[in-house]
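A.B. asks: Mind folding the following:
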Amino acid sequence: MIEPALLSLYLGALVAVYLSPGPDMALIMAVSAGQGRRAGLHTLAGIGAARFLHVLGSGLGLAALFAAHPSFLEIVKFTGAGYLLFWAWKMMHAGPVDIDPGQTFSSAGSDMLRGFLTNLLNPKALLFCSLLLPQFTSSERGALLPQFIGLGVILVSVGIVFDVFYVFLSDGMVQRIWAGSGPGTRTGLHLEKARNWLMMTVFAGMAVRLLVG
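C.D. replies: Down below sits the predicted model:
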């Protein structure tokens, strides 16, 4: 078991990270604003699953593998950037759709997969786990992998709390904007176009950040 003082320090570090603007926050808020809270919740579920895999990868030493073979890291980085640019291209060519802002026009599976792959193909997420989590493990407390799993459960759980807040925050702001207009109106069509451009900008920006960071 992790000591209470160490656990408090770990939770404080996670809160600081989840309050800081980053790719996951940008993706969740953009999806929630553009496609509704349901799509945002599905997206955060995929991100949570990917976060847990990053924790397991850290515990299994994948970060050391990337350090020993930088070409693997480059492959993951370019694959992730390409995936994000693909979504940016899709949003750029998406036309306005006549939907209610409280609904979503995308499937749960595609939303979860998008969140999952966006986070999984970000090598910085694995490197972050590899730098943070070992500071809260100790061989004196037994096998390391179970400790990584326990820390991963906490990491994912805290992340879900913050992500749900960002989903409802973004969706709530859009709902208030839509209250003064409606689908099919001139204002509504402008909002639809703005939504597409917002998501395109977010995906493209995340891709560029991944490539040059």
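A.B. asks: how much space between Arg176 and Ala33?
C.D. replies: When CB to CB, to the nearest Å is applied, the distance between Arg176 and Ala33 equals 11 Å. C-beta coordinates here come from the backbone N, C-alpha and C atoms, glycine included.
A.B. asks: any shared contact partners between those two?
C.D. replies: Overlap between the neighbourhoods of Arg176 and Ala33 is empty, taking contacts as CB atoms under 8 Å, 6 or more residues apart in numbering.
A.B. asks: Look at those two and report which has more neighbours.
C.D. replies: Here Arg176 and Ala33 are set side by side on neighbour count (other CB atoms under 10 Å), and the busier one is Ala33, at 27 against 10.
A.B. asks: check contacts around that one.
C.D. replies: Under the criterion of CB under 8 Å, 6+ apart, the contact partners of Ala33 comprise Ser170, Asp171, Met173, Val174, Arg195, Leu198.
A.B. asks: tally of neighbours for the last one?
C.D. replies: Okay, so that is Leu198. Using other CB under 10 Å, the number of residues around Leu198 comes to 15.
A.B. asks: got it, and the third one?
C.D. replies: Using other CB under 10 Å as the criterion, Met173 is surrounded by 13 other residues.
A.B. asks: Most widely separated two among the contacts of Ala33?
C.D. replies: Spatially, the most separated pair among these is Asp171 and Leu198, at 13.5 Å (CB to CB).
A.B. asks: quick one: Lys77 and Pro123 touch, right?
C.D. replies: Yes. Applying CB atoms under 8 Å as the test, Lys77 and Pro123 come out as touching, 5.5 Å apart.
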